[in-house]
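Q: Provided below are the primary sequence and the corresponding predicted coordinates.
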Amino acid sequence: MTDPKGSDELTGLTRRQVIRVGSAAAISLAAPYLVGRAHAAASVPGNVDAAKAEGPVVVWHGDQEADVVEFLKAFTEKTSVPAVQQRLLPGQALPKLEAEFRAGQTSGDVYLTSDSGIMEDLRRKNRLLQYIPTQMDAYDPEYRSADPGYWTTYYVNVGPMMYDPRFVKEDEAPKTWLDLLDPKWKGQIGFQNSAAGTSYGFWFVMKDVLPKEFWDKLGANNPRAYSSSTQISQDIERGGLKIGGRVSIFQYVKSIRNKQPVKAVFPSVGVPSVNQATGIFSTTKRPNGAKIFNEYLLSKEGQFKWNDIQGSYSARKDVQIEHLPDIKTLKLLLPVNFEEYMKAENRREFVAIWNKMTGL
Amino acid sequence: MSTIASENPPEGFARPFRLGVRAEVWIPSVLLIGALGYPLFLILTSAFNVGDPEQFPAREYGFDNFVKLAGHLDWLWNTLIVAGGGTALGISIGVSLAWIIHRTTMPGRRWFDLLIAIPYPLGPLVGALAWSQLGAPRDGLINRAFTAVTGIQAPLIDIYTPLGIIFTEAVFEAPVAVLIIGAAMQRMDPALEECSTIFGSGKLRTAWKVTLPLMMPAILSAALFMFTSMIGSFAIPTILGTSSRFYVSTNAMYVLLQGYPPNYPLAAALGLVLIVITGVAVWLVQRVLRGRSYAVISGKNYRPRQVDMGWLTWVLLAYATIYVMLSLVLPMGTLLLASFQSSNAIGFDFASWTLRNYKYVMFDFPTTRQAIVNSLILGVGTGTLGVTFATLIAIATHRSKNGGGQMLEQLTMLPQAFPRLIFAVGFLWMILALPINLYGTLLAVLLAYVIVFLPLAYRGMSGVVVQIDKALEEAARVSGASPMRVLRTVILPLLRPGLIATWALLFMVSVREISASLFLSGTNTQVLGPAIFSFWDSGGMPRVSALAVVQALIILVALTVVRITADRGARV
């Protein structure tokens, strides 16, 4: 008769401990293989013929519709895969997606959003398909999901202040974020409303950089809320708004291309920026088309095409767009702490502060 | 005779239900209860939801959302100011124009009758876009002209103010009042006015003391229609109010629903309060009208005398001309000008004008092509289905001798109390919960349109149905005609002018619809209203102006075709 207790005392190990240690060792040994295999599966490219048979890829986005349409046209010309788009801000897209998941009827394939926190949240809920494009190495770690292929930055949305020197003298224009608190700008500063992912990104990265009372003081200056940065830039050009408090950089480039004499201000303390992220829904009905879309969008050619159409910064170092200030000269403030960025409490706090600030 | 009567089949098209309610009453009643009740139930539960805001139906209930809403009473107050002020101004414009067109000898009345009707189908979205370029304080065309003429730098008008919003609402809703009040004026017995004149009252005094009170039911009816429309008005407050920090319920609700996470419970609570407000308004008007006599409108075909206002005729002509300028000529002219520009500011350097924006919206941008086709399909579908349902319901309610008909009428008018934005949200939740796959289809949008425009269709058709003498149907039945034959050979020919007019109205309001479509149109179901709105949001003024002009042309072509068809029908 054996005495288990006695043998434990001899070896110093229980059977359970042996099994646990053994399992852990096996997993450790197998992990690189499993991960490699998963990545290999995630790297299987889309098939063009299958994509054509699947039908048009449905791209949900919050960008300028005309820009996306132009890019989709280029995409189809390049790949022969048809694509359609729908403009949906996060507040519209996510509830719709949730409802679609509940109803088992998903309509979107690729999602382009200004809120990478939402993307990370979707990844954690297994609602994103992992696909690693061939040129993934061109993207630095801060521009993609930690486990690559779930979401990747398709452009960096830098948000300077903007004004038109025809209506605001250059020496009077704000140089720092704190200059926005000057009462002379009362009712003359414009931001996007709380529905915009870029507004959340702005607040999130600036809340620890600016004094705590900044938002209340800014609120006393009665900033105006717009539903898009296009409208802010439009109102600046028409003289109806003096200062764009945070304007997407591509509006500046578009204005310059339209020969408007606008100026962008990049405060030295830092310029709020967000990762505009692309990902594929795990429920996609057109996986081949969706993969081919992301492959093209994140390629050097696709990145140049998209950012040239829009006038924005690529996350790739090998893509440069005319009229944009050298990104190396700017101190970008990007959300990097995704645990905090995703938190519902932070979002709720932002919505409350922002709505109060903009008079809602 | 009594023997024949007792052997006749029951009136109408079906046998009575066991409770005494006829099938033509209970079938539409049940359908309407389902189509309105379930979205309302979801809105109601969401408004009291204090748990997971995205849970449908909710599991935890409380009054927290209404407590939060108490902190935003300015949204409701502003809504009432805009709806009340807009209705008062719109009714003043409507009454005066209806009187000028139908009761005076002002020259060109027939043309004005047509021109005054056009701004309504063009819609508030077109109106807001145009006036944002006409009345902007800094570079609005009116202010630029004012500065050029007077040298004064301060703006003459600022459309981005509550008064500007009220003005725009009133100008673009006034044609409905002209239509409703004008129709009553045309059917009015002139005897009382003649009495007033015989007893020595002047023309203006007779108009003020006799004509106006006689028109009160029609005026109240028009006022109610305008008030409920303005309570749920979305495009004008959003385009003219949001960027100047002026929030009414709808543009506030839109931001609450667009943000992430969306605040469904607060939006639903706000929507519920709006439903209650409009419900109370409907009830109040019905209560006021209940005690009044409609004796001025009888079966006889009157041709009220038209009054020669002497030198005042020219003042009236100037007044009508100013309205047409403000509601049609200036807005459409501005949109046309803006559509030729290559930048956001309107310039008069003809060399830089371009047709590129039209090429873009018509040929290069697939969304607009799809939106135009879908809007036309929906316009035809809503017109046809809406008129069919409204006619059947009108016949059923007017033929019903018990409370069932009244209940059906109340149910039919109920969507009028729902702001379209909040109804669309409830309807969306409903179709997602249904076991059949309606989500993302044009059919879902069509059903929503038919429901929200049913009160409008019913209002149009019930006015016509009530005028048909039942003796004609009875004569046909006594002669042995089946109910279907009676419908085909007696009722429909008599209804034809009303059917065409109501169909046209439904077609036009569907093509210009925006607030319900914003939440219901999807990737493959784009329609014109949201397409224009999205362009306004992110496409720049020249392109959105070009698209608005295209939409206006579609509506004007439809209006012309219908007029020609109606005229031919009248001649037959």
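A: Received the coordinates, thanks. Numbers count the residues shown, from 1 in each chain, chains lettered A, B, ... in the order given.
Q: are stretch B:231-244 and chain A in contact anywhere?
A: Yes. Counting by CB under 8 Å from any CB of the partner chain, chain A has neighbours in stretch B:231-244: B:238, B:242-244. Yep, even glycine has a C-beta here, placed from its N, CA and C like the rest.
Q: right, and residue B:405 touches residue B:393 too?
A: No. Residue B:405 is beyond contact range of residue B:393, at 9.3 Å (criterion: CB atoms under 8 Å).
Q: just want to know which of those two has more residues nearby.
A: residue B:393 (26 against 20; other CB atoms under 10 Å in any protein chain shown).
Q: buried sites along the helix or strand in which that one is found?
A: Residue B:393 is part of helix B:366-399 when elements are defined by DSSP states H and E. Neighbour counts over helix B:366-399 (16 or more other CB atoms under 10 Å in any protein chain shown) mark B:367-368, B:370-372, B:374-383, B:385-387, B:389-397, B:399 as buried.
Q: now swap in stretch B:69-79 and tell me
A: Result for stretch B:69-79 [16+ other CB under 10 Å]: buried residues B:69, B:72, B:75-76, B:78-79.
Q: now swap in stretch B:425-435 and tell me
A: Neighbour-count burial for stretch B:425-435, counted by 16+ other CB under 10 Å, picks out B:425-432.
Q: and stretch B:488-506, by the same measure?
A: B:490-491, B:494-495, B:498-506.
Q: of the residues you listed, which ones also sit close to chain A?
A: Within the buried residues of stretch B:488-506, nothing lies near chain A by CB under 8 Å from any CB.
Q: now, which of those lie within helices?
A: Secondary structure defined by DSSP state H assigns B:494-495, B:498-506 of the buried residues of stretch B:488-506 to helices.
Q: in the stretch 301-450 of chain B, what spans have low per-residue confidence?
A: B:301-304, B:401-403 (pLDDT under 70).
Q: interface residues of it facing chain A?
A: Residues of the stretch 301-450 of chain B lying near chain A (CB under 8 Å from any CB): B:342-345, B:360, B:364-367, B:428-429, B:432-433, B:437, B:439-440.
Q: out of these, which sit inside helices?
A: B:366-367, B:428-429, B:432-433.
Q: okay, the residues you listed in a markdown table with distance to residue A:222 next?
A: Shown next, in a markdown table, are those (distance: CB to CB, whole Å):
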| residue | distance to residue A:222 |
| --- | --- |
| B:366 | 40 |
| B:367 | 35 |
| B:428 | 34 |
| B:429 | 36 |
| B:432 | 39 |
| B:433 | 42 |
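Q: show me where the stretch 1-150 of chain A has its helices.
A: A:4-11, A:15-42, A:48-54, A:65-79, A:90-103, A:116-124 (DSSP state H, counting those that start in this stretch).
Q: can you give the domain ranges for chain B?
A: B:20-41+B:352-572, B:74-339 (automatic domain parsing).
Q: so how far is chain B from residue A:306?
A: Going from residue A:306 to chain B by CB to the nearest CB, to the nearest Å gives 16 Å.
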